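My questions concern the predicted model and sequence given below.
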Amino acid sequence: MSYFNYPERGVYHLPKKNILVLSCIDLRLTDNLLEFLHFDNLTNRYDHFALAGTSLMTQAENPKLTKLIDHKKLKAGIKSYKNWNEVWQDHVRIAIALHDIKDVYIIEHEDCGAYQNFLTEEALSVGEHACHVKFSIALAEEIHQFKVDKDTTVTLNVHCFLLDLRGNVEHLYSIP
Ligand SMILES: [Zn+2]
């Protein structure tokens with residue numbers, strides 16, 4: 001029995017095959033992240049990729065979201081952020097090729113320094129939570145029909161979550 005609050009059974013389909021996990025690098029929640037993955041019966045069934053801000057920088061150039069970002073601060077803080085989405089997508093390709101992943105977990109977290117530092121005050125005025133929802137859903141929709149190369153598209157189930165600082169997990173979105 002877990003001490004944590006996790007999404008109810010049936011809120012999303014539990015992955016039966018291998019998955020890819022995208023998380024933030026935040027060291028406060030590493031054990032909580034693993035605990036949740038183990039709870040979902042995913043022990044040693046996931047590739048793990050970490051980017052500061054989880055989905056945030058992958059969507060920095062998304063025309064619908066780019067206005068939420070303080071680009072001056074972002075350029076000063078992270079030199080190569082424009083490459084991050086490509087680096088991430090390369091890893092999705094590798095996970096598909098090596099481990100035939102069918103699902104992706106995008107696991108955002110509360111009190112994320114990247115969100116607090118690189119979003120505009122106006123964007124944050126609706127609360128950090130709402131921003132995690134926007135960015136993670138945008139990434140989920142971007143990779144659901146994933147183009148491996150010009151002739152091949154792979155359908156991935158994508159699930160977005162938010163970890164709070166106590167290790168509880170909220171389900172934000174799933175596609176399909
Ligand atoms: Zn973070």
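Perfect, I can see it now.

in what helix or strand does the residue nearest the centre of the chain lie?
The centre of the chain sits closest to Ile106, judged by C-alpha atoms, centre = their mean, with a distance of 2.7 Å. Ile106 is located in strand 103-109, with elements delineated by DSSP states H and E.

Mind giving me the packing neighbours of whichever helix or strand comes after that strand?
Downstream of strand 103-109, the next assigned helix or strand under DSSP H and E is helix 113-118. For helix 113-118, the contact count by 3 or more C-beta pairs under 8 Å, 6 or more residues apart in numbering; DSSP states H and E identifies helix 71-77, helix 128-144 as packing neighbours. (Glycine included, C-beta is placed from N, CA and C.)

Try it again at 10 Å.
Where contact means 3 or more C-beta pairs under 10 Å, 6 or more residues apart in numbering; DSSP states H and E, helix 113-118 is packed against helix 71-77, helix 121-124, helix 128-144.

between those, which one is nearest to the ion?
helix 128-144 (9.8 Å; C-beta to the ion).

and that closest one, anywhere near the ion?
No. Contact between helix 128-144 and the ion is absent, the nearest approach being 9.8 Å (criterion: C-beta under 5 Å from the ion).

Only the buried residues of that helix, if you could.
In terms of neighbour count (16 or more other C-beta atoms under 10 Å), helix 128-144 has its buried residues at 128, 131-140, 142-144.

go on, stretch 146-161?
Buried-residue list, stretch 146-161, by 16+ other C-beta under 10 Å: 146, 154, 156-161.

Compute the inter-axis angle for the strand holding Ile106 and helix 128-144.
160 degrees (axes from the mean of the first three to the mean of the last three C-alpha atoms, to 10 degrees).

Could you list the paired strands of strand 103-109 along with their orientation?
strand 19-23 (parallel), strand 157-163 (parallel) (DSSP bridges).

who wins for proximity to the ion among those strands?
strand 19-23 (8.4 Å).

ok, now how distant is the closest residue to Cys24 other than its chain neighbours from Val104?
Leaving aside its chain neighbours, Cys24 sits nearest to Thr54 (4.6 Å; criterion: C-beta to C-beta, 6 or more residues apart in numbering). Per C-beta to C-beta, to the nearest Å, Thr54 is found 12 Å from Val104.

When these two are compared, which one has more neighbours?
Neighbours were counted for Thr54 and for Val104 using other C-beta atoms under 10 Å; Thr54 has more, 29 against 26.

Before we move on, what's the pLDDT of the more buried one?
As predicted, Thr54 sits at a pLDDT of 98.

Check the one 5 residues further on too.
According to the per-residue confidence, Gln59 scores 97 in pLDDT.
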